[in-house]
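Colleague: got a structure for you, letters missing:
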């Protein structure tokens, strides 16, 4: 049986014991949906994406005419004459060697990079929800385990007291049982405190306190090898895709810096009206070629090339880091599978040993301390199993996150997700408020505000 199939088999058996059963219980899917809908961090980054969309609209506006109106009035007190002038001016860019088009392309790539950043935030939000869910489930299991331990040690104390009364054991044996019971009660209080903290973390991650939580579902399908997982990560991880887009932006900015050294052609039209005079109009064609700028244009070109080199280094570093995250998650998953298998064996052996020591104690061949030690070993084994189950399932989702697959769509949560293209399509043509597109954009903004 391959490693991947072993993971799925052990994960399924682990999840059945990881949480209490309930007829009506919150599932992990419910928690993930709640986290996605509740997250203010997602809201923040969606707004930042819409702001990036507006940069495209502003760049597009550079290809359109700029029309302005001005009016002035001057009174000459010496001759008591009032001069009023009204002017209407229009300017249009005709040719700039592609600089404005390049600016639009750069902003479009920035939008795509920002979308990838939003996917990264989505992954973080969902992983936090998984972590919070598992923390609550394991905390509940620990509370139940500590409760059972207190009940068992209470019985052991009563048995020690009964045997002390008939002279079978000494007062020391009773004191040992009392000490272990006090320690168990302390551990139970600590477990209840851990559960309270886990509930608060759940509320922050999901947006509400947890109710009865159902067992975690079957683990999502995973690649069959580390190499396959790394290949998926390099292709799909949002951090890598974002860095790739940012490299493209810097390359476009180099072309923009080169275009800034070349000429521009613009057209101007003016209409001026003076008091008591007929209006006059003029049209001009303007040619502008930088000759000397004190070295600022060549400096800007060198700067853009340096930023490209830096961003390429960021891309390489990000790719290395993502590969490492995949390797770490894969290793953690392998370790957790082995630990869970070992703890199952440990529990079976500890149960046999505990029952045997109990029987031997009844026959007088074992002391109270032997019984308490055997019970503690069984308790430790069961606690280790809870930890191993939790870490194994968490490692599955950490691996999905490292591959860039921890998203609402990939998990199939079945809810409507935020559409980043909707706002972009509404603003990419830079509509004005009075236009039909502008009115549609106002309605879209109102709907987004309500959501």
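Modeller: Perfect, I can see it now. None of the values given here were measured: they were computed from a predicted structure.
Colleague: Report all helices and strands that the host helix or strand of residue 92 contacts.
Modeller: In the assignment (DSSP states H and E), residue 92 maps to strand 81-95. In terms of contact count using 3 or more C-beta pairs under 8 Å, 6 or more residues apart in numbering; DSSP states H and E, strand 81-95 is assigned the packing partners strand 66-76, strand 264-274. (Glycine included, C-beta is placed from N, CA and C.)
Colleague: Taking strand 81-95 as reference, get the angle to the first one.
Modeller: Pointing back at strand 66-76 there. 160 degrees (axes from the mean of the first three to the mean of the last three C-alpha atoms, to 10 degrees).
Colleague: Over strand 66-76, what's the mean pLDDT, rounded is fine.
Modeller: Averaged across strand 66-76, pLDDT comes to 87.
Colleague: Over to the last one?
Modeller: With pLDDT averaged residue by residue, strand 264-274 scores 91.
Colleague: mind checking how far that strand is from the chain centre?
Modeller: For strand 264-274, the separation from the chain centroid amounts to 52 Å (computed by C-alpha atoms, centre = their mean, to the nearest Å).
Colleague: Could you do stretch 156-166 as well?
Modeller: Averaged over its C-alpha atoms, stretch 156-166 has a centre that lies 56 Å from its chain's centre (C-alpha atoms, centre = their mean).
Colleague: Pull the residues that contact that stretch.
Modeller: By C-beta atoms under 8 Å, 6 or more residues apart in numbering, the residues outside stretch 156-166 that reach it are 169-171, 173-174, 176-178, 180-181, 368, 371-372, 375.
Colleague: Buried among these? Need that as a selection in ChimeraX.
Modeller: The buried residues among those can be selected in ChimeraX (16 or more other C-beta atoms under 10 Å) with this line:
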select :169,173,174,176,177,180,181,368,371,372,375
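Colleague: Now for the contacts of stretch 156-166: which two are most distant?
Modeller: With C-beta to C-beta as the measure, no two of the contacts of stretch 156-166 lie farther apart than 171 and 375, at 20.4 Å.
Colleague: mind listing the strands for the stretch 201-350 of the chain?
Modeller: Using DSSP state E, counting those that start in this stretch, the strands assigned to the stretch 201-350 of the chain run over residues 264-274, 280-288.
Colleague: Excluding chain neighbours, give the residue nearest to residue 274 in space.
Modeller: The shortest distance from residue 274 to any residue other than its chain neighbours is 5.4 Å, reached at residue 85 (C-beta to C-beta, 6 or more residues apart in numbering).
Colleague: Name whatever forms a beta bridge with the one you found.
Modeller: Here residue 85 sits in beta bridges with residue 72, residue 274, going by DSSP bridges.
Colleague: Hmm, it is touching residue 277, no?
Modeller: No: because the distance of 9.5 Å does not satisfy C-beta atoms under 8 Å, residue 85 is recorded as not touching residue 277.
Colleague: the more surrounded of the two?
Modeller: With neighbours defined as other C-beta atoms under 10 Å, residue 85 and residue 277 compare such that residue 85 has more, 14 against 10.
Colleague: now the more buried one: how far from residue 275?
Modeller: Spatial separation of residue 85 from residue 275 under the definition C-beta to C-beta, to the nearest Å is 8 Å.
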